[in-house]
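Novice: what would the 3D arrangement of this be:
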Amino acid sequence: MPTHQIDTQRFSAVLFDLDGVVTDTAKVHADCWKRMFDAFLSHRAAIMDVPFQPFDMEADYLRYVDGRPRYQGVEAFLDSRGIKLPYGVPGDLPDRNTICGLGNRKNTLLKEALARGGVTVYPDALNLLDFLQRRSVRTAVVSSSKNCAAILKAANLDDRFEVRVDGESAARLGLTGKPAPDTFLKAAELLGVAPPLCVILEDAISGVEAGRAGGFGLVVGVDRKGDGAELLGHGADLVVGNLQELLSGKRDDLRPMRSPGKDRDR
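Specialist: Sure thing, here's the model as predicted:
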């Protein structure tokens, strides 16, 4: 019986998102976003004498923040609430009420959280990396996080990927973050593999949108948060709840699963 696995005769590279796909750090990120935004929104509500509407860990995080570069996430969420702040500069201190200041405030919280405990790696991600390595399939990690290198080191994964394109390198190279495909395209370029020969593994809506926009051969949504339908609706060819599903079962399960009315070429 044919195996349910990434077709290594067809695909030459797999590009992994980090948070929520390889490492169990997505919840840490979400908690830090909520703490930062709730403190800001509560203070603003008190000053302006308006009701306090907290940051929603599901709707707001998934729609505006998840997978985006930090400052873009701040701006997208504030725009959704009709809140305008000066952009500021990346060097703004965390106590500044600017887009960059709020983003840096969140990053401070994240670094404190990472310092308190180790980084958990998903076993299914390690199994898939081992599988790909045995078959000489190229690998890259593509993350919006400027903490990507620190997370990989803490998780003892800093030697598992041939290429890393993250928030730091995106800023240095002037790449637009997800949902634009630029960072995935740069990773494919550095590997020397054309996008149609690459597989994208993403747990974020903005990430599957980026994979779809980049013309990649297969965009796999990784549903660790119960948002599989949204991942399909925003560009995933198929959704798995666990990367182990790419290593067992029937090949028929790898046929693209699209939500009704969605067309990849739209």
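Novice: ranges for the strands of the stretch 151-266 of the chain?
Specialist: Taking DSSP state E, counting those that start in this stretch, the strands of the stretch 151-266 of the chain run over residues 163-165, 198-202, 218-222, 238-240.
Novice: can you list the ones you listed in CSV and add mean neighbour count, distance to residue 113 and mean pLDDT?
Specialist: Placement of C-beta: from N, CA and C, glycine included. Shown next, in CSV, are the strands of the stretch 151-266 of the chain (neighbours: other CB atoms under 10 Å; distance: least, CB to CB, whole Å; pLDDT from 0 to 100):
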stretch, mean neighbour count, distance to residue 113, mean pLDDT
strand 163-165, 21, 22, 98
strand 198-202, 28, 23, 98
strand 218-222, 27, 22, 96
strand 238-240, 20, 28, 94
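Novice: dump those strands to JSON lines, plus distance to residue 154.
Specialist: Output for the strands of the stretch 151-266 of the chain, formatted as JSON lines (distance: least, CB to CB, whole Å):
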{"stretch": "strand 163-165", "distance to residue 154": "14"}
{"stretch": "strand 198-202", "distance to residue 154": "20"}
{"stretch": "strand 218-222", "distance to residue 154": "21"}
{"stretch": "strand 238-240", "distance to residue 154": "26"}
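Novice: among those, which is nearest residue 129?
Specialist: Between residue 129 and the strands of the stretch 151-266 of the chain, the tightest spacing by CB to CB is seen for strand 198-202, at 10.7 Å.
Novice: how about the CA coordinates for that closest one, as PDB?
Specialist: In PDB, the C-alpha atoms belonging to strand 198-202 read as follows (Å, rounded to 0.1, in the frame of the first residue of the first chain):
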ATOM      1  CA  CYS A 198       9.000  23.100  -2.100                       C
ATOM      2  CA  VAL A 199       6.500  22.100   0.600                       C
ATOM      3  CA  ILE A 200       5.400  24.800   3.100                       C
ATOM      4  CA  LEU A 201       4.400  23.700   6.700                       C
ATOM      5  CA  GLU A 202       2.500  26.500   8.500                       C
END
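Novice: would you mind identifying the next helix or strand past the host helix or strand of residue 60?
Specialist: Counting by DSSP states H and E, the element that carries residue 60 is helix 59-60. Counting by DSSP H and E, the element after helix 59-60 in chain order, helix or strand, is helix 70-80.
Novice: name the helices or strands packed onto that following helix?
Specialist: helix 99-116 (3 or more CB pairs under 8 Å, 6 or more residues apart in numbering; DSSP states H and E).
Novice: model confidence for the most centrally placed residue in the chain, exactly?
Specialist: Centroid-nearest residue in the chain: residue 67, 3.6 Å away (criterion: CA atoms, centre = their mean). For residue 67, the pLDDT comes out at 81.
Novice: check the one 10 residues further on too.
Specialist: According to the per-residue confidence, residue 77 scores 98 in pLDDT.
Novice: could you confirm residue 141 falls within a helix?
Specialist: No: counting by DSSP: H, G, I helix; E, B strand; the rest coil, residue 141 falls outside a helix, being strand.
Novice: quick one: residues contacting it.
Specialist: The contact partners of residue 141, taken as CB atoms under 8 Å, 6 or more residues apart in numbering, are 15-18, 22, 148, 152, 161, 163-166.
Novice: which residues are contacting the helix holding residue 60?
Specialist: For helix 59-60, with CB under 8 Å, 6+ apart as the criterion, the contacting residues are 37, 77, 80.
Novice: I'd like to know which of those residues are buried.
Specialist: 37, 77 (16 or more other CB atoms under 10 Å).
Novice: quick revisit: which single one of the contacts of residue 141 is nearest to residue 29?
Specialist: Distances from residue 29 to these, taken by CB to CB, are shortest for residue 18, at 10.3 Å.
Novice: for the closest one, which non-adjacent residue is spatially closest?
Specialist: Closest residue in space to residue 18, ignoring its immediate chain neighbours: residue 143 at 3.9 Å, by CB to CB, 6 or more residues apart in numbering.
Novice: repeat that for residue 52.
Specialist: residue 45 (4.0 Å).
Novice: what's the one you found in contact with, if anything?
Specialist: 51-53 are the contacts of residue 45 under CB under 8 Å, 6+ apart.
Novice: and the one helix or strand it maps to, what's buried?
Specialist: Per DSSP H and E: residue 45 is located in helix 26-48. Within helix 26-48, the residues scored as buried using 16+ other CB under 10 Å are 26, 28-30, 32-37, 40-41.
Novice: many thanks, have a good one.
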